[in-house]
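Asks: Take a look and give me a structure for this.
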Amino acid sequence: IGRIRRRDLTNYIDRNYNGCTTVITVAGRCRHEDVVSKFRSAMEDLPSGNPPEFERWNGTKLQNRMAVAKEGTEQTHLALGYHAINRNDDRRHALKLLSVILGENMSSRLFQQLRERYAYCYSVHSGTLVLEDSGLMSICVGLEPGKLKSALRAIRHELERFCTEPPSEKELRQAQEYTIGQNELSLESTTNQIMWMGESIIAYEYVIHPEEVQAKVKEVTPEAVQAVACLCFDPARMGLAVVGPVGEGEMHRWVAESGL
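Replies: From the prediction side, this is the model:
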């Protein structure tokens with residue numbers, strides 16, 4: 001950061017912010033013709049430019065897949081990440097449902113097992129991120145230091161369950177209903193509406209109708225969720241970070257013993 005100069009910033013803006021990369025979306029009480037007219041004059045001086053290039057992830061796996069920050073804190077914070085699929089992969093809907101069943105709400109497996117049944121943690125949740133060239137399945141946990149080893153084993157057990165048997169029809173149906181409901185609630189916000197449209201155009205070159213996504217979510221089968229789990233939860237795809245009163249040697253040993 002200290003080496004960045006003003007010219008570096010202006011060059012970055014010139015390369016990445018131009019007519020070729022700019023998408024304008026509007027939601028609310030307006031007419032399409034009026035919006036086009038106003039923005040045409042306002043943006044006419046914007047250079048057309050070219051799409052920026054970026055270095056795509058090539059599948060290279062890091063040799064060191066663990067980062068430990070030993071701190072004298074009362075609590076320990078753990079983050080697990082698994083390389084997943086990109087946003088152009090049709091399996092992304094199965095990935096989302098996998099995350100919902102795993103740890104996105106209070107009915108999820110991680111919440112019920114780690115927090116409710118065993119009281120290993122006070123906070124646990126999972127999430128997904130799909131990008132142009134790669135994706136991420138993440139698990140974040142907040143817990144007491146003395147329960148970290150047990151929590152690692154419990155997490156691994158839940159991941160193995162997905163790989164050895166598909167979720168039940170009831171479990172999948174509840175995840176589908178939750179996902180669709182969250183999507184509908186989110187799109188009641190005009191801010192989320194314009195973000196939805198803008199990201200759709202940038203990623204897929206057309207505005208995806210919410211009902212199209214809902215239909216895809218409903219088509220996901222238990223076996224599709226299991227297949228994505230088997231792909232993602234490969235130990236070679238995992239990266240781990242932890243902050244708390246724990247040493248790097250301990251973490252390496254506990255992770256190896258847990259099978260993560």
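
Asks: May I have the secondary structure class of Ile4?
Replies: Secondary structure, DSSP: H, G, I helix; E, B strand; the rest coil: Ile4 is coil.

Asks: Surely Asn50 touches Cys20?
Replies: Yes: between Asn50 and Cys20 there is a contact at 5.8 Å, judged by Cβ atoms under 8 Å. The way it works is simple: take the backbone N, C-alpha and C, and place the C-beta from them, glycine included.

Asks: excluding its backbone neighbours, what's nearest Ala229?
Replies: With Cβ to Cβ, 6 or more residues apart in numbering as the criterion, Ala229 has its nearest non-adjacent residue at 3.6 Å, and that residue is Phe162.

Asks: ok, that neighbour to Gln182 distance?
Replies: To Gln182, Phe162 is 21 Å away according to Cβ to Cβ, to the nearest Å.

Asks: looking at this structure, which residue lies furthest from center?
Replies: Largest separation from the mean C-alpha position in the chain: Ser41, at 37.7 Å (Cα atoms, centre = their mean).

Asks: element containing that one?
Replies: helix 32-43 (DSSP states H and E).

Asks: Now do the buried residues in the helix or strand following that helix.
Replies: Later in the chain than helix 32-43, the nearest helix or strand by DSSP H and E is strand 66-70. Across strand 66-70, burial judged by 16 or more other Cβ atoms under 10 Å covers Val68.

Asks: From the contact counts, what lies against strand 66-70?
Replies: Judged by 3 or more Cβ pairs under 8 Å, 6 or more residues apart in numbering; DSSP states H and E, strand 66-70 is in contact with strand 238-244, helix 248-258.

Asks: Neighbouring strands - and their directions - for that strand?
Replies: Paired with strand 66-70 in the same sheet, following DSSP bridges, are strand 238-244 (parallel).

Asks: Now for the closest residue to Ile85 other than its chain neighbours: which residues touch it?
Replies: Counting by Cβ to Cβ, 6+ apart, Gly135 is the residue found nearest to Ile85 once chain neighbours are left out, at 4.8 Å. Each residue near Gly135 by Cβ atoms under 8 Å, 6 or more residues apart in numbering is listed here: His83, Ala84, Ile85, Asn86, Arg87, Asp89, Arg92, Leu95, Thr128, Leu129.

Asks: where does Gly135 fall, phi/psi-wise?
Replies: For Gly135, the backbone dihedrals (degrees, to the nearest 10) come out as phi -160, psi 180.

Asks: which residues does it bridge with?
Replies: Under the criterion used (DSSP bridges), Gly135 bridges to Ala84, Val130.

Asks: Give me the distance between it and Glu104.
Replies: 16 Å.

Asks: cool, Lys38 as well?
Replies: Taken as Cβ to Cβ, the span from Lys38 to Glu104 is 40 Å.

Asks: about what we covered before: quick check, pLDDT for the residue farthest from the centre of the chain.
Replies: Ser41 is assigned a pLDDT of 85 by the prediction.
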